[in-house]
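>>> what's the 3D shape of this:
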Amino acid sequence: MDIPPITDAPTPVAHGLLAGKVAFITGAGRGIGAAAARLFAQEGARVLLAARTEAQLKAVTEEVRAAGGTADYAVCDLADGSSIRAAVERAVNLYGRLDVAFNNGATAVPPSPMDQSTEVDFDHLYAVNLKGTWAAMVAQIAAIRATAGTGAIVNNSSVGSLRGNAPLPAYGAMKRAVNSLTESAAITYGPEGIRVNAIAPGTTLTDMVRGWEELSPGVLDQLNARTPLRRAAEPDEVAQAAAWLLSDRASYVTGTILSIDGGLQAA
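Down below sits the predicted model:
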């Protein structure tokens with residue numbers, strides 16, 4: 001019998017972190033959502049990308065496919081409940097099931113004190129960041145129940161939800177409410193085997209943060225100076241945490257708001 005030679009070459013990974021799963025991602029056209037789409041596909045998931053801008057969705061989808069992944073997309077407005085439900089249904093129709101979801105999509109408004117914020121801005125943040133997340137969770141839970149039976153959801157919150165947020169008061173309030181939704185859903189659906197967690201990113205190099213830097217030059221340096229790791233996160237670093245929480249390796253983790261902030265909250 002031939003004995004294979006012993007080598008120092010590493011054994012290739014047979015299965016990715018999300019192998020065999022169908023993943024739904026909102027806000028997937030750019031930033032953290034696009035990074036998540038690439039990563040989840042690399043880790044073996046079939047992914048459905050959802051966002052408002054079709055050109056961005058198409059570009060990321062083609063990139064995932066070119067790298068050997070399985071991806072498709074649905075144009076989706078988080079302020080429109082029927083649009084969200086249709087996007088989730090598209091994932092099920094394409095892939096036959098839904099296992100995991102990353103509710104990453106959000107909107108922002110220019111930073112300003114509370115008394116200088118407009119009611120229009122407040123209503124917009126509510127419609128997208130809070131009501132949109134709620135509507136997505138409701139649709140995703142129904143789809144997981146009807147197909148995979150068990151699964152996991154991760155909501156993208158913010159480190160700015162964990163304490164007072166003077167520059168972005170309404171944004172912080174909506175994200176704090178997302179934390180509450182996350183914890184409530186974890187309690188409600190845990191007995192069914194559906195885990196629900198949230199991540200709370202700190203300073204991350206997204207279009208949202210770059211826009212803040214343009215409006216308030218120097219704010220990025222100020223945030224980095226307060227962060228023990230002395231830098232902002234790359235979108236992929238945040239996506240990595242979401243992937244782990246959605247994976248079976250986090251099988252006993254639910255109801256958690258996980259900070260990914262370079263130590264900002266500890267400082």
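>>> Report the separation between the residue nearest the centre of the chain and Gly132.
Nearest to the geometric centre of the chain sits Asn104, at 3.2 Å (CA atoms, centre = their mean). Distance, Asn104 to Gly132, by CB to CB, to the nearest Å: 11 Å. C-beta: built from backbone N, CA, C; applies to glycine.
>>> so what sits against both of these two?
Residues within reach of Asn104 and of Gly132 at once, by CB atoms under 8 Å, 6 or more residues apart in numbering, are Thr26.
>>> Leu78: neighbour count?
26 (other CB atoms under 10 Å).
>>> Correct me if wrong: it contacts Ile84.
Yes: using CB atoms under 8 Å, Leu78 makes contact with Ile84 at a distance of 6.4 Å.
>>> and Ile153, what element?
Following DSSP states H and E, the helix or strand that holds Ile153 is strand 151-156.
>>> Following element in sequence after that strand, please.
Where DSSP H and E defines the elements, the next helix or strand beyond strand 151-156 is helix 169-189.
>>> which helices and strands does the top strand by length along the chain pack with?
If you go by DSSP state E, the chain has its longest strand at strand 194-201. Packing partners of strand 194-201 (3 or more CB pairs under 8 Å, 6 or more residues apart in numbering; DSSP states H and E): helix 132-146, strand 151-156, helix 169-189, helix 235-246, strand 257-260.
>>> got the angle between the strand holding Ile153 and strand 194-201?
20 degrees (axes from the mean of the first three to the mean of the last three CA atoms, to 10 degrees).
>>> Can you tell me the strand partners of strand 151-156 and which way each runs?
strand 100-103 (parallel), strand 194-201 (parallel) (DSSP bridges).
>>> Return the helix or strand bottoming out on mean pLDDT in the chain as CSV; C-alpha atoms alone will do.
Lowest on mean pLDDT, DSSP states H and E among the helices and strands of the chain sits helix 207-215, with a mean of 81. These are the backbone C-alpha positions of helix 207-215, laid out as CSV (Å, rounded to 0.1, in the frame of the first residue of the first chain):
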residue,chain,number,x,y,z
ASP,A,207,-18.9,56.4,2.5
MET,A,208,-20.9,57.5,5.6
VAL,A,209,-17.9,58.2,7.6
ARG,A,210,-16.1,59.8,4.7
GLY,A,211,-19.1,62.1,4.3
TRP,A,212,-18.9,63.0,7.9
GLU,A,213,-15.2,63.8,7.5
GLU,A,214,-16.0,66.1,4.6
LEU,A,215,-18.6,68.0,6.6
